[in-house]
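*Asks:* This is the structure alone, sequence omitted:
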């Protein structure tokens with residue numbers, strides 16, 4: 001369904017207490033709510049890259065993270081970019097909401113993903129080949145990748161279907 005510029009990909013109901021849960025292969029699992037940000041410079045996107053060690057698939061995902069209870073998804077994406085990069089973003093707009101059901105490291109995952117676009121306040125960040133991301137005690141690099149880079153390096157853009165929102 002299209003609502004102006006917002007594409008709704010999933011309708012999710014909770015138990016009335018804000019809990020969304022289900023059962024996967026006999027185990028109680030929860031659906032994770034995420035907010036991610038498409039940070040773009042020309043045709044390049046800023047992506048965290050990884051490899052599923054079980055399937056050997058390389059992937060690239062926009063930065064962002066979990067939405068805290070009582071937090072609006074827009075506020076979550078601004079907070080996540082601030083926490084991960086130490087950077088502020090502006091012009092934050094909701095592009096769409098996606099449902100992502102996937103397998104990573106051999107385990108099923110299920111996410112409702114709020115996809116935003118935004119721009120760095122500090123424009124010098126667009127000039128760097130990569131940016132260091134801090135997530136708790138862990139650090140990794142995020143890289144600017146064009147569609148051609150993704151194709152040539154066999155990097156799958158995730159969540160699946162996000163390219164439709166670009």
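*Replies:* That came through fine. Keep in mind the model is a prediction, meaning the values are calculated, not measured.

*Asks:* biggest helix in this protein, by residue count?
*Replies:* With DSSP state H applied, the helix covering the greatest number of residues in the chain is identified as helix 73-85.

*Asks:* Work out the gap between the top strand by length along the chain and the centre of the chain.
*Replies:* In terms of residue count, the longest strand belonging to the chain (DSSP state E) is strand 89-104. Distance of strand 89-104 from its chain centroid, counting by CA atoms, centre = their mean, to the nearest Å, is 5 Å.

*Asks:* Need the nearest residue in space to the residue most central in space within the chain, chain neighbours excluded.
*Replies:* Of all residues in the chain, the one closest to the mean position by CA atoms, centre = their mean is residue 36, 3.6 Å from it. Nearest in space to residue 36, with sequence neighbours left out and distances taken as CB to CB, 6 or more residues apart in numbering, is residue 64 at 3.3 Å. C-beta here means a position set from N, CA and C on the backbone, and glycine is covered the same way.

*Asks:* So which helix or strand of this structure has the lowest pLDDT on average?
*Replies:* strand 6-8 (a mean of 37; mean pLDDT, DSSP states H and E).

*Asks:* Tell me, please, where in this structure the pLDDT is lower than the cut-off.
*Replies:* When the per-residue scores of the chain are filtered using pLDDT under 70, the ranges that remain are 1-28.

*Asks:* That one: helices as residue ranges?
*Replies:* 73-85, 147-152.

*Asks:* Which one, of those helices, ends up nearest to residue 51?
*Replies:* Residue 51 sits nearest to helix 147-152 of all the helices of the chain, at 14.1 Å, using CB to CB.

*Asks:* mind checking how far that closest one is from the chain centre?
*Replies:* Between the mean C-alpha location of helix 147-152 and the chain-wide mean there is a distance of 19 Å, by CA atoms, centre = their mean.

*Asks:* Run through who's touching it.
*Replies:* Counting by CB atoms under 8 Å, 6 or more residues apart in numbering, the neighbours of helix 147-152 from elsewhere in the structure are 43-44, 60, 155-157.

*Asks:* thinking again about what came up before, just checking, what packs against the longest strand of the chain?
*Replies:* Using 3 or more CB pairs under 8 Å, 6 or more residues apart in numbering; DSSP states H and E as the contact criterion, the secondary-structure elements in contact with strand 89-104 are strand 6-8, strand 32-41, helix 73-85, strand 107-120.

*Asks:* Kindly recompute the last result at 10 Å.
*Replies:* In this structure, strand 89-104 makes packing contacts with strand 6-8, strand 32-41, strand 44-52, strand 57-66, helix 73-85, strand 107-120, judged by 3 or more CB pairs under 10 Å, 6 or more residues apart in numbering; DSSP states H and E.
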